[in-house]
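the following block contains a protein sequence and its predicted model.
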Amino acid sequence: MAEQRCCPECGSASLVEDSHYGQHQLVCASCGCVLAEGFLTTTHTDEERLREVSYSKSTGQKEQLSQFLNRGIRRVRDLCRVLRLPTVFEETAVSYFQRAVQHPCFHQVSLEKKELLAGCCVFVTCRQHNWPLLVGTICSLLYAKQDLFAGVLQSLQKELGISVPALSLADMVKTHLNSFQLFQPKDNIPVQFVEDKEQLVARTLELVELASETWLVTGRRPVPIVTAAAFLAWQSLQPSSRLSCTLKHFCKLADIELPPPAYLRLKEFLEILLRMASQLPWLRVLKLDKKTVVKHIEDLLQHRVFLLKNAFCMEGEEEQSAAGPGEGSLGEDSAGKGSPGQDSAGSPPQAVKPEKSCPSGGKGWPEGSRRPLLPPCLLYPRKRLRSVAPSVAEAAVTGLEPICDKELEQYLRSPEEIRALQ
């Protein structure tokens, strides 16, 4: 049996271990005499042998992690209470946070990123349970930047192997419109600007579906699209008193932040609506513009499928249908203006190159011309970067360059050619 240690001062055997500011000590409980005192950079196992270890393995680092863990768990629970999440969500978010704190990847990150871990765990939990929570909402609660939050969220998914399902546009519309302040009369909101919530949500959903069918959603952030759709829906419900209201003033009345891309999404919405209005006979004679077309959004959405099919067809197809089947094909002029379609023989549509899809050289489709129904990256292609000229050292021939397959035949000789050369 191991000999029991006693206090050299009073002879008492009641010795206790105490961590004073992260420093391990062996103290007599009777007289308070310090029998053994370790270093700040030692562990419990190496303390008796006085071996120095790294701080990440010391008792100080463990105590720091435990303090951060307790503080982070309290932050997770506070966020869940503010968002009024069920108890199951809270326990799942806490388990994710505990796993993240124990992972070595998050030990050396900055304090700002560590504080965002709690919000990322709550966000992941809500998405996995199909609870509509936006990044902007959680960032506003944490006073954090969305770019920094997205980086921490990606690291969390990668290191812990967590899958985060995407939120549907319908749920995002309902969640985003819940924060609007236009559904109840207030002192700073005129009576004609107050709108019924269900009607606004229904009209906004129809416009977002229209945007999805016309390639306006692909590769774009959803919040500017929903904001522009909600603005048009709000105007179309009472156009007589709301057409003079701007998008900026609308966001101020709704008490929401105006995302800068919302202006571009609004412009694209109006272009689509004007194209659709040009196919209705009773609207074609009115000569609508970007302001007056809002009055007829209800009619345009009612006949959406028919209008989209006719509004984005090629002019060449109309000429072919008038001339009859089998009489010629698309000319160069019509092909330059329209979108790829089927010819008289029923062949599949040809791919449109970005260089030919935008006649104005990438600055946008000309006003009044018929553009095809294509993704924005093909309709408005960006300028290509110029290739850098190679340096003199790179352009020099060394004889070690690889030979491509097309040039390989030039170096092969038949036996007759070899004898002739010799």
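Structure received.

residue contacts, residue 230?
Shown in contact with residue 230 (CB atoms under 8 Å, 6 or more residues apart in numbering): 173, 176-177, 180, 200, 204. Just so you know, the C-beta spots here come from the backbone N, C-alpha and C atoms, and that holds for glycine as well.

let's see stretch 125-132 as PDB, backbone CA atoms only.
The C-alpha trace of stretch 125-132 is given here as PDB (Å, rounded to 0.1, in the frame of the first residue of the first chain):
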ATOM      1  CA  THR A 125     -31.000  23.000 -35.800                       C
ATOM      2  CA  CYS A 126     -33.900  25.100 -37.200                       C
ATOM      3  CA  ARG A 127     -33.100  24.200 -40.800                       C
ATOM      4  CA  GLN A 128     -32.900  20.500 -40.000                       C
ATOM      5  CA  HIS A 129     -36.400  20.700 -38.400                       C
ATOM      6  CA  ASN A 130     -37.800  22.700 -41.300                       C
ATOM      7  CA  TRP A 131     -38.200  25.800 -39.100                       C
ATOM      8  CA  PRO A 132     -38.000  29.000 -41.300                       C
END
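
that older thread, now, of the contacts of residue 230, which are buried?
Neighbour counting with 16 or more other CB atoms under 10 Å marks 173, 176-177, 180, 200, 204 as buried within these.

and which of these is nearest to residue 117?
Among those, residue 176 lies closest to residue 117 (CB to CB), at 25.4 Å.

against residue 153, how distant is the closest one?
Residue 176 is 19 Å from residue 153, where distance means CB to CB, to the nearest Å.

mind checking which helix or strand of this protein has the lowest mean pLDDT?
helix 332-337 (a mean of 40; mean pLDDT, DSSP states H and E).

who's in contact with residue 149?
Residue 149 sits next to 116, 119-120, 135, 138-139, 142 when contact means CB under 8 Å, 6+ apart.

turn the buried ones among the contacts of residue 230 into JSON lines, including secondary structure.
JSON lines is the format used below for those (DSSP: H, G, I helix; E, B strand; the rest coil):
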{"residue": "173", "secondary structure": "helix"}
{"residue": "176", "secondary structure": "helix"}
{"residue": "177", "secondary structure": "helix"}
{"residue": "180", "secondary structure": "coil"}
{"residue": "200", "secondary structure": "helix"}
{"residue": "204", "secondary structure": "helix"}
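
among those, which one sits closest to residue 270?
Proximity of those to residue 270 (CB to CB) peaks at residue 204, which lies at 15.6 Å.

next, the contact list for the closest one, please.
By CB under 8 Å, 6+ apart, the contact set of residue 204 is 173, 177, 226, 229-230, 233.

make it 7 Å
Contact partners of residue 204, counting by CB atoms under 7 Å, 6 or more residues apart in numbering, are 173, 177, 229-230, 233.

now the contacts of residue 149: which count as buried?
Among the contacts of residue 149, those classed as buried by 16+ other CB under 10 Å are 116, 119-120, 135, 138-139, 142.

show me what whichever strand or helix holds residue 66 is packed against.
Per DSSP states H and E: residue 66 is located in helix 59-82. Taking 3 or more CB pairs under 7 Å, 6 or more residues apart in numbering; DSSP states H and E as contact, the helices and strands that helix 59-82 lies on are helix 87-102, helix 111-128.

most packed of the ones you listed?
Most buried of the helices and strands packed on helix 59-82 by mean neighbour count (mean count of other CB atoms under 10 Å) is helix 111-128; its value is a mean of 21.

ok, and what's touching that helix?
Taking CB under 7 Å, 6+ apart as the rule, helix 111-128 contacts 68, 72, 75-76, 79-80, 89, 92-93, 96-97, 100, 106, 133, 138, 142, 144, 148-149, 152-153, 156, 162, 164-165, 167.

which SSE is immediately downstream of it?
Next helix or strand after helix 111-128 toward the C-terminus (DSSP H and E): helix 135-142.

and that following helix, what's its mean pLDDT?
Here helix 135-142 scores 84 as its mean pLDDT.

same check, this time on stretch 287-303
In this model, stretch 287-303 carries a mean pLDDT of 89.

dump that stretch to CSV, keeping only the CA atoms.
The C-alpha coordinates for stretch 287-303 follow below in CSV (Å, rounded to 0.1, in the frame of the first residue of the first chain):
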residue,chain,number,x,y,z
LYS,A,287,-49.1,51.3,-74.2
LEU,A,288,-48.1,50.3,-70.7
ASP,A,289,-44.8,51.4,-69.0
LYS,A,290,-43.0,50.2,-65.9
LYS,A,291,-45.4,52.1,-63.6
THR,A,292,-48.7,51.4,-65.1
VAL,A,293,-48.1,47.7,-65.7
VAL,A,294,-48.4,47.2,-61.9
LYS,A,295,-52.1,47.9,-62.1
HIS,A,296,-52.6,44.7,-64.2
ILE,A,297,-50.5,42.3,-62.3
GLU,A,298,-53.6,40.3,-61.2
ASP,A,299,-54.5,39.7,-64.9
LEU,A,300,-51.0,38.8,-65.8
LEU,A,301,-50.6,36.2,-63.1
GLN,A,302,-54.0,34.7,-63.9
HIS,A,303,-52.8,33.9,-67.5
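
buried sites along it?
By 16+ other CB under 10 Å, the buried positions in stretch 287-303 come out as 288, 293-297, 300-301.

having no further points to raise, I will conclude here.
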